[in-house]
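**Q** The following comprises the amino acid sequence and a computationally predicted model.
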Number of protein chains: 2
Amino acid sequence: MAETQELTQATENMSLEQNITPWEVEGAVVDGVQQAIDYDKLVKQFGTRKIDDALLERFETATGQKPHLYLRRGIFFSHRELEKILERYEQGKPFYLYTGRGPSRGHMHIGHMMPFIFCKWLQDVFDCPLVVQLTDDEKFLFKNDLTLEQANEYAFNTVREIAAIGFKPEKTFIFSDIEYMGGAFYRNVLRISRMVTYSTAKASFGFKESDHIGKIHFPSIEAAPAFCSSFPDIFGERKDVPCLIPCGIDQDPYFRLTRDVSQRLKHKKPSLIHARFLPALQGSTSKMSSSNDVSAIFMSDTPAQIKKKINRYAFSGGRTSLDEHRMYGGNPDVDVPFQYLTYFLDDDKEIEDLAEGYRKGEITSGEMKARCIAVIQEFVGKFQEREAAITDADVKNFMDPVYPRPYTALAKK
Amino acid sequence: MAETQELTQATENMSLEQNITPWEVEGAVVDGVQQAIDYDKLVKQFGTRKIDDALLERFETATGQKPHLYLRRGIFFSHRELEKILERYEQGKPFYLYTGRGPSRGHMHIGHMMPFIFCKWLQDVFDCPLVVQLTDDEKFLFKNDLTLEQANEYAFNTVREIAAIGFKPEKTFIFSDIEYMGGAFYRNVLRISRMVTYSTAKASFGFKESDHIGKIHFPSIEAAPAFCSSFPDIFGERKDVPCLIPCGIDQDPYFRLTRDVSQRLKHKKPSLIHARFLPALQGSTSKMSSSNDVSAIFMSDTPAQIKKKINRYAFSGGRTSLDEHRMYGGNPDVDVPFQYLTYFLDDDKEIEDLAEGYRKGEITSGEMKARCIAVIQEFVGKFQEREAAITDADVKNFMDPVYPRPYTALAKK
């Protein structure tokens, strides 16, 4: 009996640090209570810089474009040397975008869309090439029950979805690692792997001796597309074209390592811009995950499914009764439907009004959910229309490493 | 003073185990004296089997061929399941040969020739396909001062030399890892790497935490050609064609690991046949090495260079004076010129006569050297004639992964 009490107390007092790696994203646990992810702490821990108003102004001056809502609202909140890319843009010097995705079974969810939506906007603003790495090899290496054929098939399915984002076909190369490995890409993988010791990889990713050598070697493969010489069909013999990598903050360890080796490889350091995670339907203590079906809204969901999921599962910052809500107001900061609106509703004025109205109790949880449902239904619906229009030829073109495209001009500049 | 004495004694009493890894080959040191490599000990340590007379008879019965001098003289002395290959040969079932080479600067030496000479003989006897892996990536990974371009260039230079051995062009595929990486080969590399933990690799190869992740991952790449599905242009969709790997005994750790994973990969275990090392000119405590110019006779050496090297550097088992030699006789077992003759002179009777005459003091060290010089000059000379006849088109054909050759028939069987 005494023992049981002690155990209970131990659990209640249990505290765990937050754990953010490329494979796990979990908020801290304080006295047994799961906390939201502390992004300021991550910025300190990883040694990145927060995106501040001055940088946003700089962005607007350089590009003549109002920053994307993800920038205005601190969704892409952190960076490494973003200003260097802006400088190059001002000077008319080339650069490219690099992002990636670990293809999984089934469709992408709205959280997966974020870096791609942002990349599309960046590609429109900068009119620059984009390379998208599909790490089907990583998925195979990190999921023991997955066959290589499955991982590779997921990659091909994913291309269709990525193509539906609306990237410029003549400036976008989407590749599966399994398919593209070889040639200049493999050469860079080799060069990188010679510069990263097991100790360093262990310190960066927490590898253990029981981990297999495929896993331990994988960071070389995620690093390689950050070097333009991995894409001779786009950049020719050039080594001086840097990239900007929009990614989830959890991917930063890969690119810290990439930045470390870039000078020895005689390439420019990649710049980074980091996103927060889209919260799971259940709240901001964890990120939306495709392995948890009720945590996610998929790009293949019907309007009815979207409606049902948000109504049933979305964590509400409202009060337990309508009377109480009207009296004391709700909390938009933890309200998942409101959070989702901040990701998908461009109108700043409406966002402000919704937050204020919610705090005052003028807008109910049901009304907030209804608005969220409408916005996400529209977003997903439009995506599905575009996806239906993607042909096999489009997929083939996006995956063709031999760029029959204007940007080959870069190779000659 | 006392300290110096102690140090001297420590050195004199110093004993070290023999150290045989894919990167280092050193005999034991007993009481400060370097010993010849103890091959019986290696057989025990690695858990291989010695090739005995019964197996040689079996070989002769199965193939109808007198075993090669390397077999008769215990130069290829150890194996793993060689009998399974003989069984398949008797049953008319397909198999292939797999060997490799880490290409280095400059020409091959006569020690490098051994596995290839043996492979040519096996290919003639069995009339089977041969794949030759040039591990230019390994060379790059294990030599920090080497550029990738250099390693790759060495591979191409090496193809010309290997082609000059006289392999059947229609059944021989020679590939550089750097060039061939990708496709089915990369898929097998991935599959293998997922099955080998860092602990296992550490135990097999002695990796340390300060080693880089390229090195640690490399065993997956040397293992992959042992699986026929790495070569779809030769074997089509088949997974059931095993290989026989003739190699130096130092390469056994790679293939022990390969055999361990083969069943989980649904492939047949490779069989192995292991060679002793060709001794350095200085004697059988170390192997001939291209990084030590005076230890080696190169395939590019002129007759005069061969003569000079053997006369000047070859360790002699003769006595210090001619009178003593005539009186007490020499020791052919440690005499490097005699040892070389056992590798390159096919005539068993002459070998016996030379050994006996040497023991009796009837044959002098000078005469033994002269015979050795003549045999090696002829061997190298004939090689150089063949090499001069190798065209760029021959090199291209050997390296063409798309087999325009009869053995594609295998894919359909």
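**A** Great, that's in hand.
**Q** How about the residues of the stretch 151-300 of chain A by chain B?
**A** Residues of the stretch 151-300 of chain A lying near chain B by CB under 8 Å from any CB of the partner chain: A:178, A:180-183, A:186-187, A:190-191, A:193-199, A:201-202, A:207-217, A:219-220. Where C-beta positions appear, they are placed from N, C-alpha and C, glycine not excepted.
**Q** Which among those residues count as buried?
**A** Neighbour counting by 16 or more other CB atoms under 10 Å in any protein chain shown classes A:178, A:180-183, A:186-187, A:190-191, A:193-198, A:201-202, A:207, A:211-217, A:219-220 among those as buried.
**Q** Mind checking which of those residues are in helices?
**A** Within those, residues falling in helices by DSSP state H are A:178, A:180, A:183, A:186-187, A:190-191, A:193, A:198, A:201-202, A:213-217, A:219-220.
**Q** Go ahead and confirm residue A:338 touches residue A:353.
**A** No - using CB atoms under 8 Å, residue A:338 is not in contact with residue A:353; the gap is 11.5 Å.
**Q** Among those two, which residue is more densely surrounded?
**A** Shown here are residue A:338 and residue A:353; by other CB atoms under 10 Å in any protein chain shown, residue A:338 has more neighbours (27 against 13).
**Q** give the contact list for the more buried one.
**A** The contact partners of residue A:338, by CB atoms under 8 Å, 6 or more residues apart in numbering or on different chains, come to A:317, A:332, A:354, A:355, A:358, A:368, A:372.
**Q** before we move on, what about residue A:206?
**A** Applying CB under 8 Å, 6+ apart to residue A:206 gives the contacts residue A:21.
**Q** Also the one 10 residues further on?
**A** With CB under 8 Å, 6+ apart as the criterion, the residues that contact residue A:216 are A:198, A:201, A:207, B:198, B:213, B:216, B:217.
**Q** Adding pLDDT as columns, could you present those residues in a markdown table?
**A** What follows is the contacts of residue A:216, written out as a markdown table (pLDDT from 0 to 100):
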| residue | pLDDT |
| --- | --- |
| A:198 | 97 |
| A:201 | 95 |
| A:207 | 94 |
| B:198 | 97 |
| B:213 | 98 |
| B:216 | 97 |
| B:217 | 98 |
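**Q** and which of the residues you listed is nearest to residue B:294?
**A** Residue B:294 has its nearest neighbour among the contacts of residue A:216 in residue B:216, at 34.0 Å by CB to CB.
**Q** would you list every one of the helices in the stretch 251-400 of chain A?
**A** Assignment of helices within the stretch 251-400 of chain A using DSSP state H, counting those that start in this stretch yields the ranges A:252-262, A:303-313, A:322-328, A:336-344, A:348-360, A:365-389, A:392-398.
**Q** Need the winner for burial among the ones you listed.
**A** helix A:336-344 (a mean of 23; mean count of other CB atoms under 10 Å in any protein chain shown).
**Q** between that helix and helix A:365-389, what angle do the directions make?
**A** With axes from the mean of the first three to the mean of the last three CA atoms, to 10 degrees defining the directions, helix A:336-344 sits at 40 degrees from helix A:365-389.
**Q** quick one: the strands in chain A?
**A** Counting by DSSP state E, chain A has strands at residues A:19-20, A:25-26, A:29-30, A:33-34, A:49-50, A:76-80, A:96-101, A:130-134, A:172-176, A:243-248, A:271-275, A:279-280, A:283-287.
**Q** Below-threshold pLDDT in the stretch 301-413 of chain A: ranges please.
**A** A:403-413 (pLDDT under 70).
**Q** try 90
**A** Low-confidence segments of the stretch 301-413 of chain A, defined by pLDDT under 90, are located at A:401-413.
**Q** In it, what residue lies closest to chain B?
**A** Residue of the stretch 301-413 of chain A nearest chain B, by CB to the nearest CB: residue A:401 (11.1 Å).
**Q** Within its local environment, how many residues does the nearest residue to that residue once chain neighbours are set aside see?
**A** Spatially, and ignoring its direct neighbours in sequence, residue A:401 is nearest to residue A:233 (5.4 Å; CB to CB, 6 or more residues apart in numbering or on different chains). Residue A:233 has 17 neighbours, counted by other CB under 10 Å.
**Q** closest one to residue B:43 among the helices of the stretch 251-400 of chain A?
**A** Of all the helices of the stretch 251-400 of chain A, helix A:252-262 comes closest under CB to CB, at 42.5 Å.
**Q** ok, residues contacting the closest one?
**A** A:21-22, A:46-48, A:80, A:192, A:195-196, A:200-201, A:204-205, A:219, A:222-223, A:226-227, A:245, A:247, A:268-270, A:272, A:274.
**Q** Low-confidence ranges, chain A, go.
**A** A:1-37, A:104-106, A:170, A:237, A:283-295, A:401-413.
**Q** what's the domain layout of it?
**A** Domain assignment of chain A by the TED database yields the ranges A:42-281, A:303-389.
**Q** Output those in JSON lines; the columns should cover distance to residue B:94.
**A** Formatted as JSON lines, the domains of chain A follow (distance: least, CB to CB, whole Å):
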{"stretch": "domain A:42-281", "distance to residue B:94": "25"}
{"stretch": "domain A:303-389", "distance to residue B:94": "46"}
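**Q** Check the gap between the residue lying closest to residue A:70 once chain neighbours are set aside and residue A:56 for me.
**A** For residue A:70, ignoring the flanking residues on the chain, the nearest one in space by CB to CB, 6+ apart is residue A:76 at 4.7 Å. With the distance defined as CB to CB, to the nearest Å, residue A:76 ends up 10 Å from residue A:56.
**Q** The two: which is more packed in?
**A** residue A:76 (25 against 15).
**Q** Name the residues linked to the more buried one by a beta bridge.
**A** Beta bridges link residue A:76 to residue A:275, judged by DSSP bridges.
**Q** quick one: it and chain B, what's the gap?
**A** 30 Å (CB to the nearest CB, to the nearest Å).
**Q** Is that residue in contact with residue A:246, as I believe?
**A** Yes - counting by CB under 8 Å, residue A:76 touches residue A:246, with 6.8 Å between them.
**Q** sorry, back to before: buried subset of the contacts of helix A:252-262 as a PyMOL selection?
**A** Command for PyMOL that selects the buried part of those, burial taken from 16+ other CB under 10 Å:
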select buried, chain A and resi 22+46+48+80+192+195+196+200+201+204+205+219+222+223+226+227+245+247+268+269+270+272+274
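**Q** ok so, going back, so what's the residue of the stretch 301-413 of chain A closest to chain B up against?
**A** With CB under 8 Å, 6+ apart, residue A:401 has these contacts: A:173, A:175, A:180, A:231, A:233.
**Q** Turn those residues into CSV, columns for distance to residue B:149.
**A** Converted to CSV, the contacts of residue A:401 look like this (distance: CB to CB, whole Å):
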residue, distance to residue B:149
A:173, 25
A:175, 24
A:180, 21
A:231, 18
A:233, 19
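**Q** Closest to chain B out of those residues?
**A** Compare each of the contacts of residue A:401 with chain B using CB to the nearest CB and the shortest gap goes to residue A:180, at 7.9 Å.
**Q** Residue A:364 and residue A:311: what is the separation?
**A** Residue A:364 is 13 Å from residue A:311, where distance means CB to CB.
**Q** which residues does residue A:166 contact?
**A** Residue A:166 touches A:120, A:386, counting by CB under 8 Å, 6+ apart.
**Q** so which residue of the stretch 201-350 of chain A comes closest to chain B?
**A** Across the stretch 201-350 of chain A, no residue is closer to chain B than residue A:214, which sits at 3.1 Å (CB to the nearest CB).
**Q** what about the nearest residue to residue A:215 once chain neighbours are set aside, distance to residue B:263?
**A** Closest residue to residue A:215 apart from its sequence neighbours, by CB to CB, 6+ apart: residue A:141 at 5.4 Å. From residue A:141 across to residue B:263, the span is 20 Å (CB to CB).
**Q** More neighbours: these two, which one.
**A** Legend: neighbour count by other CB under 10 Å for residue A:141 and residue B:263, higher for residue A:141 (25 against 10).
**Q** Would you confirm that that one contacts residue A:213?
**A** No - contact criterion CB under 8 Å: residue A:141 and residue A:213 do not qualify, at 9.7 Å.
**Q** Give me the common contacts of the two.
**A** Shared contacts of residue A:141 and residue A:213 (CB under 8 Å, 6+ apart): residue B:193.
**Q** Sounds good, over and out.
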